[in-house]
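J.: Prediction below, plus the sequence it came from.
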Amino acid sequence: MSLDTQASYAVHRNGGPATAEDLAPLAFAGYAHFTAMQVRGGQVRGLDLHLERLRTASMEMFGEALPDDQVRSYLKSALADGPADLSLTATVYSSAGEFTTAVRELQVLVRTAPPASGPEGPLSLAMVEHERNLPAVKHVGEVAKTYYLRQAGQQGFDDAAFVDRRGRLSEATIWNLAFWDGATVVWPVAEMLRGVTMGIVRRRLRRMGVPQRDQEITFTDLPSLTGAVVMNSWTPGVPVHRVGAVPLPEARSFVELLHKAYQAEPLTSP
């Protein structure tokens with residue numbers, strides 16, 4: 001990457017360029033939450049859901065939250081001098097740091113990077129028994145995600161899907177899961193992080209009149225399904241052709257449906 005290309009991306013704290021002094025305390029910090037998004041043409045899909053995520057997680061972790069308008073101003077500042085298309089991560093933390101009951105002024109770190117669209121797939125997912133702490137919060141410091149991804153790779157899989165103590169599929173390492181029964185989109189029921197892309201797709205499918213249902217999905221349910229995908233901020237759907245030892249059809253029409261729903265969501269400027 002050239003120096004010119006590097007200079008087009010930003011690391012901002014509270015609306016201005018972050019210094020080494022700002023960043024040094026965060027090098028080994030693990031008490032923060034974030035949201036990640038793809039920016040296209042300087043705009044974002046599901047901005048309301050990203051703001052809601054940050055607001056809700058801040059209340060859960062810190063007992064207070066920054067106003068949406070303030071967060072939007074920080075996002076806008078980070079986008080001002082960058083390319084029209086990029087990836088953006090906004091992280092919220094307290095200047096009080098970790099291992100304390102104190103909560104000082106909340107800080108927002110915004111980092112931009114080259115745009116991403118995810119792998120093409122189809123993917124194979126190892127099944128791993130794992131339950132995330134604070135599953136409804138997109139928080140930092142989750143070593144298990146990369147650990148299980150690496151373990152899955154060593155076993156010949158592309159990634160890993162998590163199964164809770166009740167045998168229910170919940171999510172994958174950095175992905176939500178969605179399934180297809182040939183007519184209906186099936187969303188797994190378990191404790192999990194409900195992604196912004198998942199929220200966008202669900203509300204757009206409702207407007208399109210596409211049937212959806214929530215269902216507890218276990219290993220024994222997989223053979224009755226006719227398709228599966230993973231989705232996150234990169235993409236609304238990467239096909240999955242195998243979960244554990246169970247093969248699944250690629251279900252191209254299902255993948256196309258999810259992409260169509262996502263594309264129907266309007267872009268919004270911060």
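T.: That came through, no problem.
J.: Low-confidence regions, the stretch 1-150 of the chain specifically.
T.: 1-7 (pLDDT under 70).
J.: how about the helices in it?
T.: According to DSSP state H, counting those that start in this stretch, the stretch 1-150 of the chain carries its helices in the segments 3-7, 20-23, 47-62, 68-79, 143-154.
J.: And the closest residue to Arg204 other than its chain neighbours, how close does it get to Arg45?
T.: Once flanking residues are discounted, Arg204 sits nearest to Ala261: 3.9 Å by Cβ to Cβ, 6 or more residues apart in numbering. Just so you know, the C-beta spots here come from the backbone N, C-alpha and C atoms, and that holds for glycine as well. Here the criterion is Cβ to Cβ, to the nearest Å. By it, Ala261 lies 11 Å from Arg45.
J.: Mind listing the shared neighbours of these two?
T.: Ile200 (Cβ atoms under 8 Å, 6 or more residues apart in numbering).
J.: Buried residues, stretch 212-220. List them.
T.: Ile217 (16 or more other Cβ atoms under 10 Å).
J.: my bad, should have said stretch 233-253
T.: Buried residues in stretch 233-253 (16+ other Cβ under 10 Å): 233-244, 248, 250-251.
J.: so Gly167 sits right up against Leu222, yeah?
T.: No. In this structure, Gly167 is not within contact of Leu222 by Cβ atoms under 8 Å, at 11.6 Å.
J.: okay, the two: which has more neighbours?
T.: Of the pair Gly167 and Leu222, Leu222 is the one with more neighbours under other Cβ atoms under 10 Å, namely 19 against 15.
J.: That one belongs to a helix, doesn't it?
T.: Yes. Looking at Leu222 with DSSP: H, G, I helix; E, B strand; the rest coil, it is inside a helix.
J.: How much space separates it from Leu177?
T.: 11 Å.
J.: same check, this time on His241
T.: Taken as Cβ to Cβ, the span from His241 to Leu177 is 14 Å.
J.: what do you get for Leu47?
T.: 24 Å.
J.: quick one: which of those two has more around it?
T.: Legend: neighbour count by other Cβ under 10 Å for Leu47 and Leu177, higher for Leu177 (24 against 20).
J.: surely that one meets Glu171?
T.: Yes. The pair Leu177 / Glu171 is scored as a contact, 5.9 Å apart, by Cβ under 8 Å.
J.: so what's in contact with these two at the same time?
T.: Joint contacts of Leu177 and Glu171 (Cβ under 8 Å, 6+ apart) are 161, 188.
J.: beta partners of the spatially closest residue to Gln215 that is not a sequence neighbour?
T.: Among residues not flanking Gln215 along the chain, Val186 sits closest, at 5.4 Å (Cβ to Cβ, 6+ apart). Taking DSSP bridges as the rule, Val186 bridges to Phe179, Arg213.
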